[in-house]
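Student: sharing a model prediction with you, sequence too.
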Amino acid sequence: EEGIMNLPPRRPGKKLVGRFLLLRILFATIVLVVVTVGSVFWVRGLGYTLNEQRSQASNSLTFSAVSVCLSARFESSSSIHPRVLFGNVVMWYSIAPLVIIQFMITYIPGLNELLFSMAPQDLFQWGVVVLGMVVTFLGMEA
């Protein structure tokens with residue numbers, strides 16, 4: 001965030017997690033649970049297998065958590081701006097390995113089935129994941 005390093009340091013004894021941050025953490029937790037559980041119930045209602053539902057839960061939770069992180073990039077201004085994607089290139093060094101690992105545990109045979117009891121996702125399921133990301137991001141920005 002512009003000018004953040006020009007602010008004076010936190011005064012000694014001040015709580016590290018204030019009321020606003022605590023409420024934001026609680027709200028993010030609720031949003032992540034609702035999005036994850038809601039996406040699983042959605043695909044369950046459409047007849048997806050238990051392993052496909054596990055994949056849905058894993059990917060919905062992981063990618064919605066990325067949305068929470070993106071929305072937390074700025075303390076006082078909105079993250080609904082292109083700078084959230086292009087303002088910090090180093091951020092992508094954290095997100096890229098996460099995406100690669102998620103795709104690996106979703107699609108590599110043996111890794112997904114034996115280790116995580118998951119199954120590959122189809123395009124509809126990825127659409128649900130993306131929808132969950134958008135809902136999470138906009139919810140955090142509201």
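Tutor: That came through fine. Not measured: the values here are computed from a predicted model.

Student: confidence score at S76?
Tutor: Listed pLDDT for S76 reads 67.

Student: next: the one 10 residues further on.
Tutor: Reported pLDDT at F86 in the predicted model: 81.

Student: what's the neighbour count on it?
Tutor: 10 (other C-beta atoms under 10 Å). (Each C-beta comes from the backbone N, C-alpha and C, glycine too.)

Student: the longest helix anywhere in the chain - contacts with which helices or strands?
Tutor: Criterion DSSP state H: the longest helix present in the chain is helix 19-45. Contact analysis of helix 19-45 by 3 or more C-beta pairs under 8 Å, 6 or more residues apart in numbering; DSSP states H and E lists helix 50-71, helix 123-141 as its packing neighbours.

Student: reformat those helices as TSV; add mean neighbour count and distance to E113.
Tutor: Compiled in TSV, the helices and strands packed on helix 19-45 are given as follows (neighbours: other C-beta atoms under 10 Å; distance: least, C-beta to C-beta, whole Å):
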stretch	mean neighbour count	distance to E113
helix 50-71	20	7
helix 123-141	17	16
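
Student: I'd like the average pLDDT over the longest helix of the chain.
Tutor: Helix 19-45 comes out at a mean pLDDT of 96.

Student: distance between it and the chain's centre?
Tutor: Chain-centre distance of helix 19-45: 10 Å, with C-alpha atoms, centre = their mean, to the nearest Å.

Student: ok, stretch 135-142 next?
Tutor: 11 Å.
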